[in-house]
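A.B. asks: the following block contains a protein sequence and its predicted model.
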Amino acid sequence: MQIAIDGPASAGKSTIAKIIAKKLDYIYTDTGAMYRAATWLAQKEQVDYNAGATIVQLLQKNPISFQIHSDQQYIYVGDRDISTEIRMPQISNNVSQVAALPEVREFLVSQQQQIAADNNVVMDGRDIGTTVLPAADVKIFLVASVQERAHRRYLENLTRNIQTPLAVLEKEISLRDYKDSHRSISPLKKAVDAIEVDTTSLSIDQVVQKILKIINNKINK
């Protein structure tokens, strides 16, 4: 079974998708982390963020993988754990540019589709239901206000000892929304058959229960 969870930055996709996958005993795939890894690799090797072919070559030499330790999922490039590094502001502010590169998207989408072909998956991103898994059994599109998403990012950053003013985060998230929605390749877009869930005023558990109900309704049809 394929479950696609899409939505803008900090709408709660990864948090919710991880919990859903764990409850269903499915494979969780954080596609956003894969694009962050590509951005991190470009930065580390001092490659221009527009050099798609070069970034793909770097990814071929330094494959991305997910590993689970103590019930937590970590992302690796080669043999290096970059789970924390890819959440730094310099990566967050440039990942949209790298994710818009046709060569990078083609390379990573192929990997994502292979994961889904071999497993029951919960996959989150921005174009899962429209491009990566257009035939997914369940498609969810999470939304939340810019203010709520900035507040979530602020709290998340604090856990990583990153302090960014809320006003700055709101501006960054609004800009990220614009970039993601207006890129020519696989823009952020709700699939016509996706169910929208507004998480602004809901707790994590409320969102999880709502989505599990949608999934169970699909299974029991």
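C.D. replies: Looks like it arrived, so ask away. Numbers count the residues shown, from 1 in each chain.
A.B. asks: strands paired with the lowest-mean-pLDDT helix or strand in the chain, and their directions?
C.D. replies: Ranked by mean pLDDT, DSSP states H and E, the weakest helix or strand in the chain is strand 64-69, scoring a mean of 90. Sheet pairing of strand 64-69 (DSSP bridges) gives strand 72-77 (antiparallel).
A.B. asks: which non-adjacent residue is nearest the residue nearest the centre of the chain?
C.D. replies: Centroid-nearest residue in the chain, with CA atoms, centre = their mean: residue 32, separated by 3.0 Å. Nearest residue to residue 32 in three dimensions, chain neighbours excluded: residue 125, at 5.6 Å (CB to CB, 6 or more residues apart in numbering). (Glycine included, C-beta is placed from N, CA and C.)
A.B. asks: now do the helix or strand hosting residue 215: which elements does it pack against?
C.D. replies: Using DSSP states H and E, residue 215 maps to helix 204-219. Counting contacts by 3 or more CB pairs under 8 Å, 6 or more residues apart in numbering; DSSP states H and E, helix 204-219 packs against helix 13-24, strand 138-143, strand 195-198.
A.B. asks: buried residues, that helix. List them.
C.D. replies: Of all the residues in helix 204-219, those buried under the rule 16 or more other CB atoms under 10 Å are 207, 208, 211, 214, 215.
A.B. asks: same question, stretch 184-191
C.D. replies: Within stretch 184-191, judged by 16+ other CB under 10 Å, the buried ones are 186, 188, 189, 190, 191.
A.B. asks: quick one: contacts for the residue nearest to the centre of the chain?
C.D. replies: When contacts are counted by CB atoms under 8 Å, 6 or more residues apart in numbering, residue 32 touches 13, 14, 95, 124, 125, 126.
A.B. asks: and for the first one, the neighbour number?
C.D. replies: If I follow you right, that is residue 13. Residues near residue 13, counting by other CB atoms under 10 Å, number 25.
A.B. asks: appreciated, that's everything.
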